[in-house]
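[1] Quick one, fold the following:
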Amino acid sequence: MTYDELVTNIRNYTEVDANVFSNSVINTFITMAENQILREIDLDVFKLEVAGNMTSGNKFLAAPSDILTHRYMMITVAGDQIFLDFRDTSFMKEYWADGTDTGVPKYYSVWDQNTFYVAPTPAQSYTVELGYIYRPTQLSSTNPTTWISNNAPEALLYACLIQAYSYTKGPREMLQYFRQSYKEAIQGLGVEQQGRRRRDEYRDGMLRIPLKSESPGP
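    As a prediction, this is how the structure comes out:
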């Protein structure tokens with residue numbers, strides 16, 4: 001589904017014209033819909049791992065500019081890779097209240113949208129590997145198709161319609177219908193993702209559907 005097709009579908013489903021649902025309003029729906037999809041399901045296509053460095057005495061680590069949600073953080077200590085445990089900031093402040101002593105980091109948290117916070121404060125520089133879900137370029141008039149619009153058009157449309165009906169305070173039963181339709185679409189996408197991760201054609205062979213055949217007779 002292209003951007004223009006999505007815009008047309010939103011207006012047709014809601015019976016609201018461009019005077020109310022201008023392109024800028026619909027672009028906001030698309031932003032919120034895409035973010036909802038990306039937060040609710042781990043799509044392999046949007047997973048990244050990047051390398052960086054913690055510096056000695058600095059408890060803060062810059063987050064990638066395109067990060068949507070983090071998945072894991074690990075550091076290399078004497079050649080061994082160690083995963084840090086994720087905790088909230090209040091735990092970090094209580095656990096490492098002083099903050100002046102240093103050591104090997106064990107925990108990390110989100111300080112703000114641009115920064116991670118680690119504890120203990122690094123005693124030396126460490127190589128860091130961060131796994132995260134990145135925010136892809138949004139569907140728009142200048143980017144008319146995306147992975148989501150091509151591979152999960154139903155989920156995208158229903159997520160946008162949820163935003164549209166919330167915006168106009170439309171009939172409650174229609175809003176419930178689109179929420180249920182979105183839920184079913186996102187579940188189907190999730191099953192598809194899980195199936196891709198479970199099967200390996202080399203080990204499992206190609207997926208085959210058994211067909212009934214008539215027994216040979218005289």
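[2] Which positions in the helix or strand containing residue 68 come out as buried?
    Assigned by DSSP states H and E, residue 68 belongs to strand 67-77. Buried residues in strand 67-77, counting neighbours by 16 or more other CB atoms under 10 Å, are found at 67, 70, 73-75. Heads up, the C-betas are built off the backbone N, CA and C, glycines and all.
[3] That strand packs against which elements?
    helix 23-40, strand 80-83, strand 126-134 (3 or more CB pairs under 8 Å, 6 or more residues apart in numbering; DSSP states H and E).
[4] If we use 10 Å, what do you get?
    Here strand 67-77 touches helix 23-40, strand 47-54, strand 80-83, strand 85-86, strand 107-112, strand 115-119, strand 126-134, going by 3 or more CB pairs under 10 Å, 6 or more residues apart in numbering; DSSP states H and E.
[5] Can you add distance to residue 17 and give these back as JSON lines?
    Output for these, formatted as JSON lines (distance: least, CB to CB, whole Å):
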{"stretch": "helix 23-40", "distance to residue 17": "12"}
{"stretch": "strand 47-54", "distance to residue 17": "39"}
{"stretch": "strand 80-83", "distance to residue 17": "52"}
{"stretch": "strand 85-86", "distance to residue 17": "46"}
{"stretch": "strand 107-112", "distance to residue 17": "40"}
{"stretch": "strand 115-119", "distance to residue 17": "43"}
{"stretch": "strand 126-134", "distance to residue 17": "35"}
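[6] Which of the ones you listed sits closest to residue 12?
    helix 23-40 (12.3 Å; CB to CB).
[7] quick check: angle from that closest one to strand 126-134?
    Angle, helix 23-40 to strand 126-134, by axes from the mean of the first three to the mean of the last three CA atoms, to 10 degrees: 120 degrees.
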